[in-house]
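Enquirer: Got a predicted structure here, sequence first:
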Amino acid sequence: MHKDELLELHDQLVTIMEYFKRQEGVDENLFAPYDQLDVEPSHVHKSKSEHKHAVFVLGNALASAMSEDEFSSAGRLGKRMKELADDAERRI
C-alpha cells in the first residue's frame with residue numbers, strides 16, 4: 001500500500017472512531033492507546049511505518065468497540081490487529 005492510500009485509510013478509521021466516541025456505552029478509554037501515539041492522518045511528515053502502526057492500533061480499538069467477546073468475528077479481528085500493531089511497532 002502506498003503512503004497516500006495508507007493516509008486515506010487512517011483518515012477513514014479516525015472518522016469511524018469519532019462516531020464510536022459519540023455513542024453511549026463505549027468505554028471512553030478504549031481509544032487511549034491510539035491517542036497516545038500522537039500520529040494523525042494529517043501528519044504527513046510522519047513515516048509510513050508510524051501511520052501503519054497507528055492504523056493497526058486504531059483497528060484493534062475499533063474491533064474491540066464492536067466485539068461482544070473475544071470469540072466473535074470482531075473480537076478475532078481485534079486480536080489480529082493487536083498482533084499486527086505489535087509487529088509494526090517493532091519495525092518503527
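Expert: Perfect, thanks for sending it.
Enquirer: can you tell me the helix or strand for the residue positioned nearest the centre of the chain?
Expert: The centre of the chain sits closest to residue 58, judged by C-alpha atoms, centre = their mean, with a distance of 1.1 Å. Taking DSSP states H and E as the criterion, residue 58 maps to helix 48-66.
Enquirer: residues of that helix that come out buried?
Expert: 50-66 (16 or more other C-beta atoms under 10 Å). Quick note: C-beta positions are derived from backbone N, CA and C, even for glycine.
Enquirer: rewinding a little: is the residue nearest to the centre of the chain in contact with residue 14, as I believe?
Expert: Yes - Residue 58 lies in contact with residue 14 (C-beta atoms under 8 Å); the separation is 7.2 Å.
Enquirer: secondary structure class for residue 44?
Expert: Using DSSP: H, G, I helix; E, B strand; the rest coil, the secondary structure recorded for residue 44 is coil.
Enquirer: okay but it is in contact with residue 7, surely?
Expert: Yes - counting by C-beta under 8 Å, residue 44 does reach residue 7; the two are 6.7 Å apart.
Enquirer: Looking only at neighbour counts, state which of these two leads.
Expert: residue 7 (20 against 10; other C-beta atoms under 10 Å).
Enquirer: got the contact list for the more buried one?
Expert: 41, 44, 51 (C-beta atoms under 8 Å, 6 or more residues apart in numbering).
Enquirer: do you know how far the last one is from residue 63?
Expert: As judged by C-beta to C-beta, to the nearest Å, residue 51 and residue 63 stand 18 Å apart.
Enquirer: With residue 73 instead?
Expert: Distance from residue 73 to residue 63, by C-beta to C-beta: 9 Å.
Enquirer: just residue 35 next, same as before
Expert: Applying C-beta to C-beta to residue 35 and residue 63 gives a distance of 17 Å.
Enquirer: Could you do residue 26 as well?
Expert: From residue 26 over to residue 63 (counting by C-beta to C-beta), the distance is 13 Å.
Enquirer: Same check on residue 33?
Expert: Counting by C-beta to C-beta - residue 33 and residue 63 are separated by 13 Å.
Enquirer: do the same with residue 22
Expert: Residue 22 is 18 Å from residue 63, by C-beta to C-beta.
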